[in-house]
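**Q** What shape does this take:
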Amino acid sequence: MSFDRCQRREFLQTSLALTSGAIVPYWFARSACAERPESKNDRPHIGAIGVGGRGSTILKQAARFGDVVAVCDVDSQYADRAKAAYGGKPTAYADYRKLLDRKDIDVVINGTPDHWHTAVNVAACRADKDVYTEKPLTLTIDEGKILCDVVKQTGRVVQVGTQQRSTRQFQLAVELVRNGRVGSLKQVWVALPYFSTKGGPFPSQTIPSSLDWDMFQGQAPVHAYCPQRVHKVFRWWYEYAGGIVTDWGNHHVDIAQWGMDCQLTGPISIDARGLFPNPEGTEYYNTPDRFFSRMQYANGVELLYFSALNERMLYGEVEKHSTTSSKQLDTLFGKDVPDEIKSFNRNGIMFIGDKGRIFVNRGGVHGKPVEQLKEDPLPDNGWHVPQSDNHMANFFQCVKSRAEPVSPVRIQHRTITTCHLTNLSIRLGRKLDWDPHKQLIVGDPQANAWQKREQRKPYIIQA
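**A** Next up, the predicted model:
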């Protein structure tokens, strides 16, 4: 189905409803058509790089809109499984560069671990492919600067997998805040789950024959293999990711900065602390599982970013959650933080203004401004989010139209930069001052150098 037909059908449906006297919610009237293309010639060819857990999920979503002709993974078991899932038709690769050499591939689905995101995205753009990439967008701030330049230079469509941007409750929360329904915005809370990273020591093991361990490590330093370093639990190692701060953080901080009207800027100061449940050593997970970050923005809004200590989740091979002592609570949060934050038991985003507050997460959107919508709906001429009710569909629509997707790199670079700055403040143990216009840490050369990290040859990302 062409986009012209899709838009025409939406127009006719909306017009019919209006002329018949029906009340059409403005978000229904403006929803994006999410149907798959009907014509075989209308279906782009898809190559998927990184087809493990999350990669296989987003590939399945993408396959509604195109034909999967190639799959790639450094673990041949995952590549073979993905090939079989699509009738044995796709060609399976171990090296993503061979996949990108194919001229018949239009779209790349990037489901690699975090430390591979930028290298694959940059190479795909330079190979004239459009990209749907998983979050977190980058491993470092510097990688985001490189990717922004490459996307601008190549003109490729790149959608970041922050699917909350295409989910109605998050859109509604942002619209309510941006239209003044909480009054003047004063403070935003961003709460993540308390994912335990307590684990180790993990002994080294024999590398599986199916895994290219050197390529999996990529730009990261070389370490002995253990299964806790690969697949889904790579998230708990700084070598490959940023822990919960960047993982779920890319989702929730994105919504916060969207509602704050700061999605193309960032904080001006960051003061963060974290609790590490394990001793130092290459045989232990090394990211914090509890943290608190206080950030100030130039518009006067304060962002409090933290782990909700009473929403406890386990992921991967971890032990039980560590108990947080009263002394640790004081160290983590300080004495001037509301008790509600110290005992928070849900993840999500809280917008607090001088006239009310709104809380939103994947379970829904709540607060008096939401309840008042029945009597006082948002006006049509108010501020509204871009149209998207299906994140993958929005990407494929933009592949055809060449419009910017709802979650573009230029915005998500700013989102993940805020998360990276929190991690840098935690690791350096001090407050950081950030210039969001120059994208520099002010007055701290050592911290500023941490915007990038040394990359291992031959896996260096070229600017």
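**Q** Run through the strands of the stretch 51-200 of the chain in chain order.
**A** Counting by DSSP state E, counting those that start in this stretch, one finds strands in the stretch 51-200 of the chain at the ranges 67-72, 91-93, 107-110, 130-133, 158-160, 185-195.
**Q** tell me how far the second one is from the chain's mean position?
**A** Here strand 91-93 shows a centroid-to-chain-centroid distance of 27 Å under the convention C-alpha atoms, centre = their mean, to the nearest Å.
**Q** where does the closest residue to residue 59 other than its chain neighbours land on pLDDT?
**A** On the basis of C-beta to C-beta, 6 or more residues apart in numbering, the spatially nearest residue to residue 59 that is not a chain neighbour turns out to be residue 48, at 4.6 Å. (C-beta placed from N, C-alpha, C; glycine too.) On pLDDT, residue 48 comes in at 98.
**Q** before we move on, what about residue 239?
**A** The predicted structure lists residue 239 with a pLDDT of 98.
**Q** And this protein, split by domain according to the record?
**A** Dividing the chain into domains by automatic domain parsing, as the record does, gives the ranges 3-165, 168-386+409-449.
**Q** between the ones you listed, which gets nearest to residue 400?
**A** Distances from residue 400 to each of the domains of the chain were compared by C-beta to C-beta, and the smallest falls on domain 3-165, at 5.9 Å.
**Q** How far off centre is the closest one?
**A** Centre-to-centre, domain 3-165 and its host chain are 14 Å apart (C-alpha atoms, centre = their mean).
**Q** circling back to that earlier point, show me what whichever strand or helix holds the residue nearest to residue 59 is packed up against.
**A** Assessed by DSSP states H and E, residue 48 sits inside strand 45-49. Identification of packing neighbours for strand 45-49 by 3 or more C-beta pairs under 8 Å, 6 or more residues apart in numbering; DSSP states H and E yields helix 53-62, strand 67-72, helix 96-100, strand 107-110.
**Q** And the domains of the chain: which comes nearest residue 403?
**A** When those are compared by C-beta to C-beta, domain 3-165 sits nearest residue 403, at 8.1 Å.
**Q** Report the mean per-residue pLDDT for stretch 117-126.
**A** In this model, stretch 117-126 carries a mean pLDDT of 98.
**Q** what does stretch 178-193 give?
**A** In this model, stretch 178-193 has a mean pLDDT of 98.
**Q** what's the answer for stretch 200-215, then?
**A** For stretch 200-215, the mean pLDDT works out to 97.
**Q** Check which residues of it are buried.
**A** Taking 16 or more other C-beta atoms under 10 Å as the basis for neighbour counts, the residues of stretch 200-215 that come out buried are 200, 202, 207, 211, 213.
**Q** what's the helix or strand for the closest residue in space to residue 176 that isn't next to it in sequence?
**A** On the basis of C-beta to C-beta, 6+ apart, the spatially nearest residue to residue 176 that is not a chain neighbour turns out to be residue 369, at 5.0 Å. Secondary-structure assignment from DSSP H and E places residue 369 in helix 368-371.
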